[in-house]
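*Asks:* any chance you can model this:
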Amino acid sequence: MFDNIIIRGARENNLKNISLSIPKHKITVFTGVSGSGKSSLVLDTIAAKSRRELNDTFPTFVQRYLPKYGRPHVDSIENLPIAIVIDQKKPASNSRSTVGTYTDIYSLLRLLFSRVGKPFVGYAESFSFNHPDGSCPRCAGLGEIRELDIHKLVDFDKSLNDEDTIHYIAFHKGGWRWIRYAHSGLFDLDKKIKDYSPEELDLFLNSPQIRLKNPPSNWPKTAKYEGLIPRMYRSIINSEEGLLHSAVLNPMLKMGTCPDCGGTRLNKKILSCKIEGLNIAEATSLSIRKLNRWIASISDPLAEDLKVAIGARLTALEEIGLGYISLDRPIGTLSGGEAQRCKIAKYINSSLSDVMYVLDEPSIGLHNKDIERMKHSVRRLRDAGNTVLLVEHHREMIGIADHIVDMGPGPGSEGGEIIFQGSYPELLSSGTDTGRMLSAKSSFKAETRHPESFYTLKNTTHHNLKNLSIDLPLNVFCVVAGVAGSGKSSLMEAFCNSRGGDDMIYISQKGIGISLRSTPATYMDVADLIRKMFAKANGKAETYFAFNGKGACPVCGGKGVVVAEMAFMDSIETVCEACKGLRYSPEALEYTFESSHTHQRLNIAEVMDLSVRKACEFFRGSKVEERLRPMMDVGLGYLHLNQALSTLSGGELQRLKIASYLKEKGKIFIIDEPTDGLHPKDVASLVALFDRMVDQGNTIYVIEHNTDVIKAADYVIELGPGAGEDGGQITFAGKPLAMKDCIQSATAEYLRQ
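*Replies:* Take a look at the predicted model:
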């Protein structure tokens, strides 16, 4: 009775009122073309429902501090376990957060050194670079110094009574920070800073905290005076505020490794404590693989229980393919795939059972060799008595499923249905797009292009590259392959740094500076064109057709929703009754525009709700179609013109960037893992697009693991043979067909398969 999760009437996003049953204590994989509704079902419906109901069990005061999850559009879900979502979102980048602190291994290492290290220098908290007893006093535990350029902070040609003399928040005339100098009675407020005497300037800039002997009446009774420079370091540069306002602060700072601690973040006393020749900073700088061996070698009997606990966590990271990274690596430098694997490793040794783990494409960023480790880790989660739901495209990961749900048949409004449920062998013979693509065998490119010339990169040691020299081909489609951490991105970064030039375009999977109002229509510059067409056809000003202009609904202000604040409880968000969520005023919706191609007559809200594919038909032959056509070419025709870019995946955002460059010629493109999140059917379309871009006179470098993409390339460069310090060398460079016979290649056996 309770062996299945039962979903009835799911209508989130593009889901078409679907119902299904998911077996518990099994691995269920959700497949389907990009945009078919996989994430809408798994993340936005099942996981969101579970997390929302768990939050409801806490007191309302606690709930205000918990993450907020929207109420999914579903009739009911029965037998729902508690969900732990392991997604690709990187943890918040914090200069005080490392792989060691994020995985909690550093806490155990601190305990180990306080118990076993010689000489004894303090208890566990003393070994933390986030604690006053352990942190380096020069850099406050950051490992780098940020030296203030006082001339970028202060305009010495102005007085304290002038506007904007001190260029930082609240130091403007009348600001609460400015008051501490202006009301101190120490300075002539009309005297230019450059005219201060040496004594006045030293007092203004460098004075430590002091109590004023005869302060003016408007000086706070308990306040101390402090010079500008020590104040900036104490309360801003070395605090969370400096991170919060880094855009304002960083241009005033010079960055570099702290000379006192050498980047270790810890003070000399703590670094003097060692276990078998290593201090805690030296231990955390080892790769996880080496650190695991070192921990196992410690002979002190006081370390036995901690050796087991630390070893289990390090082994979990090794088994999931992260043996090459070190614990002192800042968490913000991890890729999305590496961060996700860190999260999975945290749960491998968990005592929890009957939990539902939800994994969003855990194969992203992984070489086929590493996929084997990932498969093992996912099975361990299931075998501990848990339910595992995977959103996946990778053939090998789909193959471990106990149950498969294939979504489709198409993307966007053409998807949202279940087109297959069953086992992996049944999927292969099902006749769905997924089944056909998984059972098909791709072949090597029949005729590869020959490079017209090469760019020679000499003796580069960027990151883990080992004094590497290589000839990089131009005017071809080249794949840069290798296991995760082998140096692929480092090689391409070195190429960019060495060659430079405006003709090099690096397309990563990082955000594109999107705001809440960013949509495909705004990103591809068609929103203004559409408003102009409406304005011309109806004899009205363009602002009448903008939901953040005069065309906005007067009730919701063009947001489409009305938010009611509920003090300690969740804010209640309801669709605006006046505009029914369309964002526009009744007056704006009275005006229409007729398509010369389809002869449809639509208002502005209906046009903006068209998919890119339908908009291309509606505006056939116009500049709107011309600007949207690249989105069709990269497989994003299913997105709607008014869809918030914040709802797009990293892969979708990346393809949107590619779309904006499709008309370029004579450029060198470096594209970072563009197949992430792509169905095999979409991968084939993307490969064809890269070939067209090369035919237009461009050079394409793709950092990629996908064997179908490697087979379709003109040229392949593989780095390795391993990851981290075991990588950074060229293991193969040449035609893809020759690669399958290369003994040194980690990819060759998967090409042969």
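*Asks:* pLDDT below threshold where in the chain?
*Replies:* For the chain, applying pLDDT under 70 flags the ranges 1, 90, 92-93, 336, 509-517, 563-573, 649-651.
*Asks:* just checking, what packs against the helix or strand where residue 106 lies?
*Replies:* Taking DSSP states H and E as the definition, residue 106 sits inside helix 105-116. Judged by 3 or more CB pairs under 8 Å, 6 or more residues apart in numbering; DSSP states H and E, helix 105-116 is in contact with helix 99-102, helix 280-285, helix 304-319. All C-beta spots, glycine's among them, are computed from the backbone N, C-alpha and C.
*Asks:* so residue 85 sits in a helix?
*Replies:* No - Residue 85: not assigned to a helix; according to DSSP: H, G, I helix; E, B strand; the rest coil it is strand.
*Asks:* ok, it touching residue 47?
*Replies:* Yes - Residue 85 is in contact with residue 47 according to CB atoms under 8 Å; the separation is 5.1 Å.
*Asks:* returning to that earlier point: chain center to the helix holding residue 106, what's the gap?
*Replies:* Centroid displacement of helix 105-116 relative to its chain, using CA atoms, centre = their mean, to the nearest Å, is 31 Å.
*Asks:* which residues are in contact with that helix?
*Replies:* 98-101, 120, 122-128, 273, 275, 279-280, 283-284, 298, 300, 302-303, 306, 309-310, 313-314, 327 (CB atoms under 8 Å, 6 or more residues apart in numbering).
*Asks:* CA-only coordinates of that helix in CSV, if you can.
*Replies:* Extracted C-alpha coordinates of helix 105-116, given in CSV (Å, rounded to 0.1, in the frame of the first residue of the first chain):
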residue,chain,number,x,y,z
ILE,A,105,36.0,17.4,7.3
TYR,A,106,38.0,20.4,8.5
SER,A,107,36.1,20.3,11.8
LEU,A,108,37.4,16.7,12.3
LEU,A,109,40.9,17.6,11.3
ARG,A,110,40.9,20.5,13.8
LEU,A,111,39.9,18.0,16.5
LEU,A,112,42.6,15.6,15.3
PHE,A,113,45.4,18.2,15.5
SER,A,114,44.2,19.5,18.9
ARG,A,115,44.4,15.9,20.2
VAL,A,116,47.5,14.5,18.5
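*Asks:* for that helix, list every residue counted as buried.
*Replies:* 105, 106, 107, 108, 109, 110, 111, 112, 113, 114, 115, 116 (16 or more other CB atoms under 10 Å).
*Asks:* now swap in stretch 148-155 and tell me
*Replies:* So stretch 148-155, judged by 16+ other CB under 10 Å, has buried residues 148, 153, 154, 155.
*Asks:* who's in contact with that stretch?
*Replies:* 162, 164-168, 193, 205, 228-229, 232-233, 237, 251-254.
*Asks:* could you list every residue that touches the closest residue to residue 433 other than its chain neighbours?
*Replies:* Of all residues not flanking residue 433 in the chain, residue 681 sits nearest, at 5.2 Å (CB to CB, 6 or more residues apart in numbering). The contact partners of residue 681, taken as CB under 8 Å, 6+ apart, are 33, 433, 437.
*Asks:* so which of these is the most crowded?
*Replies:* residue 33 (28 neighbours; other CB atoms under 10 Å).
*Asks:* list the contacts of that one.
*Replies:* By CB under 8 Å, 6+ apart, the neighbours of residue 33 are 408, 410, 411, 415, 433, 434, 679, 681, 682.
*Asks:* cutoff 10 Å now
*Replies:* Residue 33 is in contact with 393, 406-412, 414-415, 432-434, 437, 635, 638, 678-682, counting by CB atoms under 10 Å, 6 or more residues apart in numbering.
*Asks:* phi first, then psi, for it.
*Replies:* Backbone geometry at residue 33, expressed as degrees, to the nearest 10, gives phi -60, psi 160.
*Asks:* who are the contact partners of the spatially most distant residue from the centre of the chain?
*Replies:* Farthest-out residue of the chain from its mean C-alpha position, per CA atoms, centre = their mean: residue 214, at 54.4 Å. If you count contacts by CB under 10 Å, 6+ apart, residue 214 has them with residue 185.
*Asks:* about what we covered before: quick check on the contacts of stretch 148-155: which are buried?
*Replies:* The buried subset of these (16+ other CB under 10 Å) comprises 165, 166, 168, 193, 205, 228, 229, 232, 233, 237, 252, 253.
*Asks:* can you show me the strands along the stretch 501-650 of the chain?
*Replies:* Remark: strands assigned in the stretch 501-650 of the chain by DSSP state E, counting those that start in this stretch are 504-507, 561-566, 569-575, 592-594, 601-603.
*Asks:* same check on the stretch 301-450 of the chain?
*Replies:* 356-360, 387-391, 403-408, 417-422.
*Asks:* relative to residue 166, how far out is the closest residue to residue 164 other than its chain neighbours?
*Replies:* Nearest non-adjacent residue to residue 164, counting by CB to CB, 6+ apart: residue 172, 5.9 Å away. The gap separating residue 172 from residue 166 is 8 Å, by CB to CB, to the nearest Å.
*Asks:* also residue 623?
*Replies:* Relative to residue 166, and taking CB to CB, residue 623 is found at 49 Å.
*Asks:* with residue 389 instead?
*Replies:* Taken as CB to CB, the span from residue 389 to residue 166 is 54 Å.
*Asks:* now do residue 589
*Replies:* Distance from residue 589 to residue 166, counting by CB to CB: 51 Å.
*Asks:* please apply the same query to residue 490.
*Replies:* Distance from residue 490 to residue 166, by CB to CB: 41 Å.
*Asks:* then residue 235?
*Replies:* Distance from residue 235 to residue 166, by CB to CB: 14 Å.
*Asks:* list buried residues within the contacts of residue 33.
*Replies:* In the contacts of residue 33, burial by neighbour count holds for 393, 406-408, 410-412, 414-415, 432-434, 437, 635, 638, 678-682, counting by 16+ other CB under 10 Å.
*Asks:* list the buried residues of stretch 718-738.
*Replies:* 718-724, 726-733, 736.
*Asks:* these: which two are farthest apart?
*Replies:* Checked with CB to CB, these reach their widest spread between 724 and 736, with 25.9 Å between them.
*Asks:* now do the shared contacts for residue 235 and residue 166.
*Replies:* residue 177.
*Asks:* quick check: which of the helices and strands packed on helix 105-116 is nearest to residue 8?
*Replies:* Closest to residue 8 of those is helix 304-319 (CB to CB; 37.2 Å).
*Asks:* how near is residue 505 to residue 667?
*Replies:* Taking CB to CB, one finds residue 505 at 6 Å from residue 667.
*Asks:* surely residue 406 and residue 428 touch.
*Replies:* No - contact criterion CB atoms under 10 Å: residue 406 and residue 428 do not qualify, at 11.2 Å.
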